[in-house]
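> Here is a sequence together with a model predicted from it:
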Amino acid sequence: MQANFVINLGNKSHVPIISFSATSPSLASLRSPYFFQAAQSASFQVKAISAIVQAFGWREVVPIYVDDLFGESLIPYLTDALQEINIRIPYLTVIPASATDDQIDEELYKLFMTVQTRVFIVHMTMSLGSRVLPRAKEIGMMSEGYVWIMTDTMTALWRSTNASAIDSLQGILGVRTHVPKSEKLQNFEERWKRKFQQDNPNITNAELNIFGLWAYDATFALAMAIEKAGTANLGFNKTNISASGVTDLETLGVSQNGPQLIQELSSANFTGLSGDFHFVNRQLQSSVFDIVNVIGTGERNVGFWTPENGLVRKLDLTNTSTNSTSKPKLGPIIWPGDTNLVPKGWEIPTNGKKLRILVPVKVGFTEFVDVEWDTISQKAKSIKGYCIDIFDAVMAKMPYGVPYEYVPFATLEGKPAGPYNDLIDQVYYGNYDAGVGDIAIVANRSLFVEYTLPYTESGVTMVVPIKDNRKKNAWAFLKPLAWNLWVTTASFFVFIGFVVWLLEHRINDEFRGPPAHQVGTSLWFSFSTMVFAHRENVVNNLARVVVIIWCFVVVILAQSYTASLSSRLTVEQLQPTVTDLNKLLKRRESVGVQNGSFIKGILLDRLKCHQSQLKIFHTPEELHELFTKGSANGGISAALDGILYMKLFLAKYCGKYTTVETSYKTDGVGFVFPKGSPLVPDVSRAILNVTQSDKLMEQIQHKWFYNETVCPDFDPSISSHSLGLESFGGLFLIAGFASLSAVIIFAAMFLYEQRHVMLNSETPMWERIRIMLRNFDQRDLSSHTYRKSDLENRSGHVSVQSIGIAGASPNTNSPPSPPSYSNQTERDSEFSVNQGRASENGDLTPSGMSSPRRNSIELGNTNEPREQSL
């Protein structure tokens with residue numbers, strides 16, 4: 001008020017007004033062209049104060065300021081600076097300048113008994129501060145765990161107070177404008193002390209503060225301005241006011257030299273006793289601040305704050321590195337209570353007040369929170385549940401004691417007082433200290449409250465009924481293999497049969513005979529390898545290699561088919577009726593949602609589900625009833641909820657439902673606290689200690705979920721799909737390569753044997769091919785199989801000749817015995833032909849021997865079935 005009055009006088013008379021003690025930021029808002037603020041504005045120090053708070057990790061502070069323009073003008077700037085770094089101000093303490101000790105005690109007791117914050121910023125005159133701080137010490141607010149920070153006015157003047165007030169300042173931090181040391185300043189202080197001691201011999205230890213230095217520099221700046229402006233026009237122009245009743249102030253003249261003085265003062269720029277002295281918009285500019293720690297009757301400088309570098313331990317004005325307050329860059333500090341341990345910045349109030357923990361009232365799924373209500377007293381008889389036990393265990397792990405009590409979020413009848421969002425609002429408004437229950441961690445809720453770490457598994461799951469398709473498909477045995485694998489397998493059976501016939505036809509009588517017989521034998525041999533029932537002998541080594549490799553392929557195919565069929569028949573017992581939520585919603589089917597669940601918002605907002613498609617359930621029994629009705633009869637086709645709820649539901653109805661994974665994620669369930677609550681970090685650390693204790697968590701879970709059974713979850717990624725050709729391509733490649741290699745080798749050997757036919761240029765090409773095909777159809781008599789048979793049957797052949805020569809046996813015309821017949825037919829026929837050729841050439845055996853032998857052989861040939869070439 002006084003400053004405003006003087007400033008108005010300067011405006012009227014055009015006389016510059018220079019103030020070296022007015023630091024209120026509100027004075028700059030007057031925008032007077034004749035007012036010069038030769039003291040730094042109090043608003044400049046708020047950055048330094050907020051940097052200290054941020055450096056030590058304190059989350060909340062409480063300003064204590066004087067109830068006048070000086071005190072109030074700083075608070076908006078301080079609040080903005082703290083909010084920029086997410087520091088909360090839960091409470092403001094205002095003390096009148098003329099407050100009595102009782103009034104001061106009343107305000108301090110409010111802080112001491114009800115407020116958790118233990119970090120206080122004091123902004124008031126030293127005369128009031130010298131009364132407030134001793135009262136705070138007497139109450140116990142200057143003990144260990146408290147933090148007090150003084151603004152620059154008190155820091156500059158605290159030495160001038162009485163001894164009792166100084167004793168209450170121990171451990172306090174202060175912010176003060178930095179005055180650079182200089183020889184000029186040292187000489188001036190020595191002269192000032194001598195002069196002050198002469199004028200005040202009874203006052204000792206007097207020191208010159210920053211206000212005295214600003215006064216000296218302001219006087220020096222004014223003197224320089226007057227010298228530059230000159231003294232020729234120092235008079236005033238009188239105003240022409242002749243009316244009666246005019247005050248003396250209204251008759252003030254207008255300075256002739258005022259505008260020139262303003263111009264010279266605005267351009268003043270020099271190094272004074274307080275440092276660089278120059279005005280910007282008629283206001284002294286911000287400089288460096290000292291951070292001091294009051295110890296005993298003195299103080300210790302623990303650091304500095306600069307606009308460029310923030311908090312620094314040592315002052316280096318040439319360093320302009322990026323401002324960083326991630327770690328305290330200050331020297332060692334002695335805190336209140338004579339300790340060097342950094343206070344955590346908050347404590348549970350000491351008036352015995354307990355934290356009021358709000359808990360939801362649940363109708364169903366009471367395993368999480370179960371509130372037993374007394375309708376007569378309209379109070380809760382007991383509050384228990386899984387979430388309650390977890391919170392109790394967490395509080396037991398806290399590094400300090402935290403008294404608390406549970407308060408049900410219920411009506412007088414014991415019914416739920418509202419959805420979970422309303423419970424969140426109560427914590428946000430500060431009506432309760434925390435919220436405990438099955439409260440899901442959701443992004444939009446985190447805008448109003450602060451969550452701890454989750455203490456349960458996260459995620460949203462969908463529960464659907466189970467269908468069994470095993471008896472509805474008569475062709476289920478074909479599903480284990482894909483159609484391309486069936487076709488490839490069948491083709492390879494035919495191909496392998498052909499390859500074995502090709503390799504065995506010339507040397508193995510079991511692969512000879514009429515064409516139909518040969519085709520049937522080849523296919524029979526190939527397909528019988530599925531069950532390893534083939535009985536035909538394989539005598540060709542190449543064919544043996546092919547058969548061995550093919551049998552290996554058949555074993556792999558058979559085992560895979562068996563495993564896939566078994567898996568398919570088992571998985572289909574748990575086949576869900578619904579696997580895609582979006583398709584379900586497009587079919588306008590209904591979905592179940594638990595009462596008060598945040599999932600309702602997901603369905604309505606993100607999936608654009610219609611309100612009529614949502615069915616609310618409260619208990620597992622209601623959910624089962626909705627499933628039983630079905631979506632067509634007012635029920636549901638699927639239900640969405642948190643994993644824990646659905647596990648409880650499946651524990652009761654495990655054989656009828658299964659879960660399907662969804663793409664909607666949550667961070668689990670946690671506890672909620674007001675924004676900026678200092679309890680959150682410690683509670684989160686305690687949650688980690690509890691959840692990582694397997695024994696403790698097992699005890700709590702067994703207590704509340706003891707009847708939980710393990711129900712198989714449906715995972716589409718492991719469902720029984722048909723096996724495709726891509727899974728066995730390597731096996732077929734090996735079998736095909738081996739078979740083709742055997743055919744190529746066999747063809748090369750056969751062509752080499754028939755080279756005399758191939759190289760006969762006199763015979764046409766088609767005739768040569770026909771001859772080779774006819775030769776291929778004939779037995780390979782050079783094969784070891786036929787040479788062995790010839791040796792074994794030669795004795796039988798000789799006995800037949802003897803019978804023909806003697807002619808005395810009555811069975812001369814009868815066919816040969818079966819062994820002789822089967823092994824000698826073609827060879828005897830060939831022998832007869834050779835004999836005929838020999839007789840034509842005159843190369844006959846004796847007449848007595850030749851005719852009977854030929855007749856005997858020809859008799860046998862007449863009864864032999866003729867082989868047909870392919």
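Now that the structure is in, tell me what you want to look at.

> Make sure Val464 is actually in contact with Asp580.
No - using CB atoms under 8 Å, Val464 is not in contact with Asp580; the gap is 10.4 Å. All C-beta atoms are positioned from the backbone trio N, CA, C, and that covers glycine.

> Neighbour count for these two, which is higher?
For Val464 versus Asp580, neighbours defined as other CB atoms under 10 Å are more numerous around Val464 (22 against 13).

> Which of the three states applies to that one?
Following DSSP: H, G, I helix; E, B strand; the rest coil, the label given to Val464 is strand.

> That one pairs with what?
Val464 has these beta-bridge partners by DSSP bridges: Thr658.

> what's the spacing between it and Asn633?
17 Å (CB to CB, to the nearest Å).

> And Tyr664, by the same measure?
Distance from Tyr664 to Asn633, counting by CB to CB: 27 Å.

> more crowded one of those two?
Taking neighbours as other CB under 10 Å, Tyr664 and Asn633 compare with Tyr664 leading, 16 against 8.

> wait, isn't the more buried one in contact with Leu603?
No - Tyr664 is beyond contact range of Leu603, at 9.5 Å (criterion: CB under 8 Å).

> Off-centre distance for stretch 608-618?
29 Å (CA atoms, centre = their mean, to the nearest Å).

> Please name the residues that touch Pro332.
302, 340 (CB atoms under 8 Å, 6 or more residues apart in numbering).

> and it, helix, strand or coil?
coil.

> can you check Ile357 too?
Assignment for Ile357 (three-state DSSP): strand.

> burial measure for it, as a count.
Residues near Ile357, counting by other CB under 10 Å, number 22.

> cool, and Ile700?
19.

> and what of Leu640?
Count around Leu640 with other CB under 10 Å applied: 25.

> Kindly confirm my reading that it is in a strand.
Yes - under three-state DSSP, Leu640 sits within a strand.

> hey, what's it bridged with?
Under the criterion used (DSSP bridges), Leu640 bridges to Met462, Val593.

> For the longest helix along the chain, buried residues please.
Identified as the longest helix of the chain according to DSSP state H is helix 541-571. Of the residues in helix 541-571, 542-543, 545-547, 549-550, 553-554, 557, 560-561, 564-565, 568-569 count as buried by neighbour count, 16 or more other CB atoms under 10 Å.

> Return the closest of the residues you listed with respect to Ala490.
Leu557 (11.4 Å; CB to CB).

> Quick check: the closest one touching Ser727?
No - using CB under 8 Å, Leu557 is not in contact with Ser727; the gap is 10.1 Å.

> Look up the closest residue to the most centrally placed residue in the chain, ignoring the ones flanking it.
Centroid-nearest residue in the chain: Asp667, 8.4 Å away (criterion: CA atoms, centre = their mean). Distance criterion CB to CB, 6 or more residues apart in numbering; nearest residue to Asp667, sequence neighbours excluded, is Ile441 at 4.0 Å.

> Same question for Lys384.
Closest to Lys384 by CB to CB, 6+ apart is Asp370, at 5.3 Å.

> likewise Gln263?
Per CB to CB, 6+ apart, closest to Gln263 is Ala229, 7.7 Å.

> what sits against that neighbour?
So Ala229 contacts 257, 260-261, 263-264 (CB under 8 Å, 6+ apart).

> Please report phi then psi for it.
phi -80, psi -20 (degrees, to the nearest 10).

> contacting residues for the residue nearest to the centre of the chain?
With CB under 8 Å, 6+ apart, Asp667 has these contacts: 441, 451, 454, 458.

> surely the last one meets Lys665?
The one in question is Ser458. Yes - judged on CB under 8 Å, Ser458 makes contact with Lys665 at a distance of 6.6 Å.

> Tell me which of those two has more neighbours.
Ser458 (16 against 9).

> And that one, how far from Tyr420?
17 Å.

> just Asp389 next, same as before
Asp389 is 20 Å from Tyr420, by CB to CB.

> cool, and Leu740?
From Leu740 to Tyr420 the distance is 71 Å (CB to CB).

> and what of Ala638?
From Ala638 to Tyr420 the distance is 22 Å (CB to CB).

> for Cys551, same thing?
Taken as CB to CB, the span from Cys551 to Tyr420 is 66 Å.

> Please apply the same query to Gln83.
28 Å.
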